[in-house]
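**Student:** Please work out how this folds:
(chains A, B, C and D)
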2 protein chains.
Amino acid sequence: MPQAVSNPVTAAEAAPDELRALPLRERKKLRTRHALAETALRLFVERGYDATTLDDLCDEVEVSKRTFFRNYPSKEDVALAADSDLWSAYLDDVAALDPEGPLLDVLHAALHTTLAALEPDWDRRFLATRDLCDTVPTLQAHSLRYCHDTTQALVDQVSARRGVPSDDVHLRLAIEIVVSTWRTASVTWTAQQGRGGRKALTDLLSATFAELPAALTFAP
Amino acid sequence: MPQAVSNPVTAAEAAPDELRALPLRERKKLRTRHALAETALRLFVERGYDATTLDDLCDEVEVSKRTFFRNYPSKEDVALAADSDLWSAYLDDVAALDPEGPLLDVLHAALHTTLAALEPDWDRRFLATRDLCDTVPTLQAHSLRYCHDTTQALVDQVSARRGVPSDDVHLRLAIEIVVSTWRTASVTWTAQQGRGGRKALTDLLSATFAELPAALTFAP
DNA sequence: GGGATAGTGCCACCGAGTGGCAAAAGCTGT
DNA sequence: ACAGCTTTTGCCACTCGGTGGCACTATCCC
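**Tutor:** Residues are numbered from 1 along each chain as shown, chains lettered A, B, ... in the order given. Next comes the predicted model:
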């Protein structure tokens, strides 16, 4: 009697190295997690976000809806996995940093570090996610919530690290500006369909940071 | 046989002046709109956002759920009516403005104009809304979407008005910074439970704008 | 008055999200 | 290899937010 294999590894997406280390159970879980995010992004782009039900997605990935919700708290979150990857890596990187010098420069530099370390196909996923956000209001909303949560987490982290009170206006302003600058750079990059890849994005980021002083006195 | 009055005016919230001008049908509709927003805010604060179902709300206001959705597109939107009031008034005010001088100053001044013109009880509603946002993630998300939509609308408006291309980096940066500054001031105001009322809020806003240059070079 | 024109209520329906429990898969010992 | 334990999964029933359709009522205009 042939054994029913529940989660076979397809030849295409074989052995992702680091996974080999983990126990089998964890590997399986991570694999369905990735399959869910990947398939969700594909379906959302192909058929549209609203037109794709979670039942469709779960059919495609061959898991139950219950399993989906054990991996992602909501339909929005699976669509925004690329955002989540960015911000959680960024928070880790900033935490691992030696916080010397002007805050804006430190956070700017850390962002470059984070971008450089993301997986190669993050570009594509992030770009697709941005397109989705531009057409689906609730995705835009939740994407902005990620920014906001990151802002708050950064405020807490920096305030704890250096002796700044967490309600310091300069602290919050500076961090809000960092995130706004990132968003502006990313909007510009997205507007040109991500042309130039990640290098173009990081260049754009630096250029946008450089324009901050001029923006304060901008008088068209 | 006693006539069934569908929407009687309670003594407490009588004749709001300007409404008298409108045709009866519109007046009724506006009244249920206000009742929905007012009651929703009260119930959300009293019982919690998630614990309050739309059926509860509709029972209280004595309208059908269908009628609710003819007035507000979602549960989030009725909770964020105060945000919506602010931003739509702001967009109108900026549109009616003569756009001379540094953009940041113009938009800052317009925000004061808007705040001064809002109804007296807007303070209370806005403060309650902010508290809700701090505990309900989806409200936070949709509140941020309002900010983002306003940002985008301002970009379009200013770019059309003056000869600036709508993808100009300075333009977007400046407007993002205005909104970030507002959010920072409003967070500070909320953190102290809105002490000092609207005057304190506008003072805080000016003070926060004044700290922008210092924030760029902030080095704790 | 009477007919056009909203706005409303009701009903059936879909999809997102949750709780509970039994089955299965993986991880131990021996 | 097998029994016993833990973790993960699948299934079921359920709640609630949100939509479409249609009949009904209230307002408006003549």
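
**Student:** and after the strand or helix carrying A:His108, which helix or strand comes next?
**Tutor:** Using DSSP states H and E, A:His108 sits within helix A:103-117. Remark: after helix A:103-117, the chain's next helix or strand is helix A:122-135, criterion DSSP H and E.

**Student:** so does that next one get close to chain B?
**Tutor:** No. Shown here: helix A:122-135 not in contact with chain B (Cβ under 8 Å from any Cβ of the partner chain), separated by at least 9.7 Å. Bear in mind the C-beta positions are built from the backbone N, C-alpha and C, glycine included.

**Student:** What of stretch A:169-184?
**Tutor:** Yes. Judged by Cβ under 8 Å from any Cβ, stretch A:169-184 and chain B are in contact via A:169-174, A:176-177, A:179-181, A:183-184.

**Student:** Restricted to helices, list these.
**Tutor:** In this view, the residues of stretch A:169-184 next to chain B that belong to helices under DSSP state H are A:169-174, A:176-177, A:179-181, A:183-184.

**Student:** so what's the spatially most central residue of chain A up against?
**Tutor:** Among the residues of chain A, A:Asp83 comes closest to the average C-alpha position under Cα atoms, centre = their mean, at 1.8 Å. Shown in contact with A:Asp83 (Cβ atoms under 8 Å, 6 or more residues apart in numbering or on different chains): A:126, A:129, A:143, A:146.

**Student:** Next one, pLDDT for it please.
**Tutor:** Note on A:Asp83: pLDDT of 98.

**Student:** swap in A:Val178?
**Tutor:** 98.

**Student:** and what of A:Pro23?
**Tutor:** On pLDDT, A:Pro23 comes in at 74.

**Student:** and the gap between it and DNA strand D?
**Tutor:** 9 Å (Cβ to the nearest atom of the strand, to the nearest Å).

**Student:** What residues sit buried inside the helix or strand of chain A with the lowest mean pLDDT?
**Tutor:** When each helix and strand of chain A is scored by mean pLDDT, DSSP states H and E, helix A:24-47 comes last, with a mean of 93. Within helix A:24-47, the residues scored as buried using 16 or more other Cβ atoms under 10 Å in any protein chain shown are A:31-41, A:43-44.

**Student:** between that helix and helix A:122-135, how many degrees?
**Tutor:** If you take axes from the mean of the first three to the mean of the last three Cα atoms, to 10 degrees, helix A:24-47 sits at 50 degrees to helix A:122-135.

**Student:** Up against DNA strand C, what does chain A have?
**Tutor:** A:4, A:6, A:23-26, A:28, A:52-55, A:65-66, A:69, A:73-76 (Cβ under 7 Å from any atom of the strand).

**Student:** List the ones among those that fall in helices.
**Tutor:** Those of the residues of chain A next to DNA strand C mapping onto helices are A:24-26, A:28, A:54-55, A:65-66, A:69, A:75-76, per DSSP H.

**Student:** mind giving me CSV with the residues you listed and columns for distance to chain B?
**Tutor:** Formatted as CSV, these follow (distance: Cβ to the nearest Cβ, whole Å):
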residue, distance to chain B
A:Leu24, 34
A:Arg25, 30
A:Glu26, 28
A:Lys28, 29
A:Leu54, 17
A:Asp55, 22
A:Lys65, 20
A:Arg66, 21
A:Phe69, 16
A:Lys75, 12
A:Glu76, 8
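
**Student:** how about those residues in CSV, adding distance to A:Thr113?
**Tutor:** As requested, those are exported to CSV (distance: Cβ to Cβ, whole Å):
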residue, distance to A:Thr113
A:Leu24, 33
A:Arg25, 32
A:Glu26, 27
A:Lys28, 32
A:Leu54, 35
A:Asp55, 40
A:Lys65, 38
A:Arg66, 38
A:Phe69, 33
A:Lys75, 31
A:Glu76, 28
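
**Student:** Can you tell me which of those residues is closest to DNA strand D?
**Tutor:** Distance to DNA strand D across those (Cβ to the nearest atom of the strand) is lowest for A:Arg66, with 3.1 Å.

**Student:** ok, that closest one - how many residues close by?
**Tutor:** By the criterion of other Cβ atoms under 10 Å in any protein chain shown, A:Arg66 has 8 neighbours.

**Student:** Tell me the pLDDT of it.
**Tutor:** At A:Arg66, the model reports a pLDDT of 95.

**Student:** ok so, going back, what about the contacts of A:Asp83, which one has the most neighbours?
**Tutor:** The most crowded member of those, judged by other Cβ under 10 Å, is A:Ser143 (26 neighbours).

**Student:** My read is that that one contacts A:Asp131, right?
**Tutor:** No. A:Ser143 is beyond contact range of A:Asp131, at 11.7 Å (criterion: Cβ atoms under 8 Å).

**Student:** show me where pLDDT drops low in chain A?
**Tutor:** Scanning chain A with the threshold set as pLDDT under 70 gives A:1-22, A:24.

**Student:** And the residue lying closest to A:Ala81 once chain neighbours are set aside, how far from DNA strand D?
**Tutor:** Leaving aside its sequence neighbours, A:Ala81 sits nearest to A:Ala37 (Cβ to Cβ, 6 or more residues apart in numbering or on different chains; 4.1 Å). Relative to DNA strand D, A:Ala37 is positioned 14 Å away (Cβ to the nearest atom of the strand).

**Student:** Over to A:Phe44?
**Tutor:** Taking Cβ to the nearest atom of the strand as the measure, A:Phe44 falls 18 Å from DNA strand D.

**Student:** who touches that residue in this structure?
**Tutor:** Residues near A:Phe44 by Cβ under 8 Å, 6+ apart: A:52, A:79, A:132.

**Student:** can you redo those residues as TSV with distance to B:Arg161?
**Tutor:** Below are those laid out as TSV (distance: Cβ to Cβ, whole Å):
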residue	distance to B:Arg161
A:Thr52	39
A:Ala79	35
A:Leu132	31
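
**Student:** Now render the residues you listed as CSV, adding distance to DNA strand D.
**Tutor:** Converted to CSV, those look like this (distance: Cβ to the nearest atom of the strand, whole Å):
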residue, distance to DNA strand D
A:Thr52, 15
A:Ala79, 17
A:Leu132, 18
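
**Student:** Name the member of those with the most neighbours.
**Tutor:** Neighbour counts for these, by other Cβ under 10 Å, peak at A:Ala79, which reaches 27 neighbours.

**Student:** ok, that one touching A:Arg42?
**Tutor:** No. Counting by Cβ under 8 Å, A:Ala79 stays clear of A:Arg42, with 11.1 Å between them.

**Student:** follow-up on the earlier one: make JSON lines from the ones in helices among the residues of stretch A:169-184 next to chain B and add neighbour count and distance to B:Leu154 to it.
**Tutor:** Formatted as JSON lines, these follow (neighbours: other Cβ atoms under 10 Å in any protein chain shown; distance: Cβ to Cβ, whole Å):
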{"residue": "A:Val169", "neighbour count": "22", "distance to B:Leu154": "23"}
{"residue": "A:His170", "neighbour count": "20", "distance to B:Leu154": "25"}
{"residue": "A:Leu171", "neighbour count": "22", "distance to B:Leu154": "26"}
{"residue": "A:Arg172", "neighbour count": "27", "distance to B:Leu154": "22"}
{"residue": "A:Leu173", "neighbour count": "25", "distance to B:Leu154": "19"}
{"residue": "A:Ala174", "neighbour count": "28", "distance to B:Leu154": "22"}
{"residue": "A:Glu176", "neighbour count": "24", "distance to B:Leu154": "17"}
{"residue": "A:Ile177", "neighbour count": "27", "distance to B:Leu154": "17"}
{"residue": "A:Val179", "neighbour count": "22", "distance to B:Leu154": "18"}
{"residue": "A:Ser180", "neighbour count": "25", "distance to B:Leu154": "13"}
{"residue": "A:Thr181", "neighbour count": "27", "distance to B:Leu154": "17"}
{"residue": "A:Arg183", "neighbour count": "20", "distance to B:Leu154": "14"}
{"residue": "A:Thr184", "neighbour count": "26", "distance to B:Leu154": "13"}
